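A.B. asks: 3D, please:
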Amino acid sequence: MSKSTATFSPDYAVPPGATLLETIEDLGMTQSELAQRMGRPLKTINEIINGKAEITAETSIQLERVTGIPAAFWSNAEATYQERKARLQEQEQLAAQTAWVSRFSYAAMLEFKLIAPAANDRARVGSLLSYFGVASSEQWEVTYASLEGAARESNGHKSDLGDLSAWLRAGEIMAQRCHTQPYDKAKFQAALAEIRKLTAENPAQVWPQVCSLCAQAGVAVVLVPELPKTHVFGFTRWLTPSKAIIQLSLRYKTDDLLWFTFFHEAAHILLHGKNDVFMEFRGVDSPKETEANTWAADFLVPRKAWAAFTAGLSRPVAELPIKRFAREQGIAPSIVLGRLQHRDGLVPKSFHNAALKKTLSIAWSGLNPSA
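C.D. replies: The predicted structure follows:
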């Protein structure tokens with residue numbers, strides 16, 4: 001036989017004055033006598049009984065003296081009543097905000113376990129408010145308004161502020177849960193050198209090591225699947241002066257894009273200010289984005305080595321030279337192929353993908369795996 005977990009949640013609030021009235025009646029005491037014994041005006045006692053005046057700490061002690069019921073009981077009864085009133089008022093406010101839910105791909109957020117299922121429209125509003133850590137939809141607007149400028153065109157698609165903010169919030173929550181050491185630039189540079197070697201491995205197998213190396217240097221690295229209207233590849237900012245976050249979407253289909261975007265985001269941390277926020281969309285460039293691209297490319301393959309390699313390539317470019325050069329550099333051949341395809345345009349984008357690139361299959365368990 002299963003046990004029910006349902007709780008009683010009345011749609012009304014009973015003031016503690018009702019209990020007080022029952023108490024004095026059981027004692028055979030009138031309101032006038034209670035007022036006299038407490039040294040309080042009859043009007044005040046009547047207002048307490050009718051829920052128009054609160055039971056203060058001083059009143060609780062007086063009631064303890066007169067009725068013999070502990071002051072804590074009266075204080076707790078008043079606190080419970082006030083909280084219940086506030087909850088009922090909140091339910092009215094939530095009902096007025098139900099249209100706000102349509103700003104988000106709510107079904108996808110459920111699928112990715114960013115939020116838990118909710119029974120009705122008001123509960124969905126409450127779930128979203130708790131998710132974003134804000135008191136109202138208006139405060140969500142204020143908190144995330146600065147992202148409007150970042151919701152730019154991405155390869156012909158415009159990011160929606162609702163889904164974009166939900167995606168970013170997931171990364172923020174994951175980063176807050178990630179224990180990191182205070183940021184140390186030298187340690188981060190050393191971590192990146194180790195991660196560069198790991199690119200030759202299966203990303204799904206080495207990703208925990210990538211996250212651990214970065215965490216030891218003060219950088220939280222998180223992967224969050226994109227929501228339908230985000231179209232974002234990566235995001236970098238500082239959560240605190242001693243903790244940065246690199247957030248990547250699972251938008252990538254192959255390992256070359258994942259690795260290059262990771263090192264691109266790492267460049268922002270190394271090269272740019274702690275007050276900067278970087279949102280990566282395909283086809284959107286700026287001086288700092290170009291600088292990060294150049295740093296990532298040079299870090300993965302030194303310029304002289306790349307120049308010598310490309311100068312000796314015959315056309316069409318075969319698989320074997322790419323594999324050999326990648327092995328010499330100690331990196332994934334997909335990174336070499338990706339650069340030849342996308343950055344230098346020396347190889348058609350359809351060539352050698354099956355042989356040299358790894359298909360990504362990094363698991364996502366959600367923020368609430370048990371939901």
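
A.B. asks: helix/strand/coil for residue 245?
C.D. replies: Using DSSP: H, G, I helix; E, B strand; the rest coil, the structure places residue 245 in strand.

A.B. asks: wait, what's in contact with residue 266?
C.D. replies: 188, 192, 219, 246, 296 (Cβ atoms under 8 Å, 6 or more residues apart in numbering). To be clear about C-beta, it is placed using only N, CA and C from the backbone, and glycine gets the same treatment.

A.B. asks: that one and residue 173, how far apart?
C.D. replies: 22 Å (Cβ to Cβ, to the nearest Å).

A.B. asks: do residue 331 as well
C.D. replies: 32 Å.

A.B. asks: quick check: closest non-adjacent residue to residue 88.
C.D. replies: Once flanking residues are discounted, residue 88 sits nearest to residue 13: 6.1 Å by Cβ to Cβ, 6 or more residues apart in numbering.

A.B. asks: residues contacting that neighbour?
C.D. replies: Applying Cβ under 8 Å, 6+ apart, the residues contacting residue 13 are 81, 84, 85, 88.

A.B. asks: show me just the buried residues among those.
C.D. replies: Among the contacts of residue 13, those that count as buried by neighbour count (16 or more other Cβ atoms under 10 Å) are 81, 84.

A.B. asks: got the contacts of residue 13 as TSV, with pLDDT and distance to residue 224 columns?
C.D. replies: Formatted as TSV, the contacts of residue 13 follow (pLDDT from 0 to 100; distance: Cβ to Cβ, whole Å):
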residue	pLDDT	distance to residue 224
81	92	42
84	90	37
85	88	38
88	85	36
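
A.B. asks: inside helices: which ones of the contacts of residue 266?
C.D. replies: Members of the contacts of residue 266 lying in helices (criterion: DSSP state H): 188, 192, 296.

A.B. asks: so which bits of the top helix by length along the chain are buried?
C.D. replies: Using DSSP H to define each element, the chain has its longest helix at helix 71-95. The neighbour-count check on helix 71-95 (16+ other Cβ under 10 Å) flags 71, 74, 75, 77, 78, 81, 84, 90, 91, 93, 94 as buried.

A.B. asks: closest to residue 19 among those residues?
C.D. replies: Comparing these against residue 19 with Cβ to Cβ places residue 77 closest, at 6.2 Å.

A.B. asks: show me the contacts for residue 61.
C.D. replies: The contact partners of residue 61, by Cβ under 8 Å, 6+ apart, come to residue 71.

A.B. asks: what pLDDT, on average, does the helix or strand where it lies get?
C.D. replies: Assigned by DSSP states H and E, residue 61 belongs to helix 57-67. What helix 57-67 shows for mean pLDDT is 95.

A.B. asks: now do it: distance to the chain's middle.
C.D. replies: On the basis of Cα atoms, centre = their mean, to the nearest Å, helix 57-67 sits 47 Å off its chain's mean C-alpha point.

A.B. asks: ends of stretch 103-115, how far apart?
C.D. replies: With Cα to Cα, to the nearest Å as the measure, stretch 103-115 spans 15 Å from end to end.

A.B. asks: repeat for stretch 311-321
C.D. replies: The straight-line separation of the ends of stretch 311-321 (Cα to Cα) is 12 Å.

A.B. asks: report the buried residues of that stretch.
C.D. replies: Buried positions in stretch 311-321, judged by neighbour count with 16+ other Cβ under 10 Å: 313, 317.
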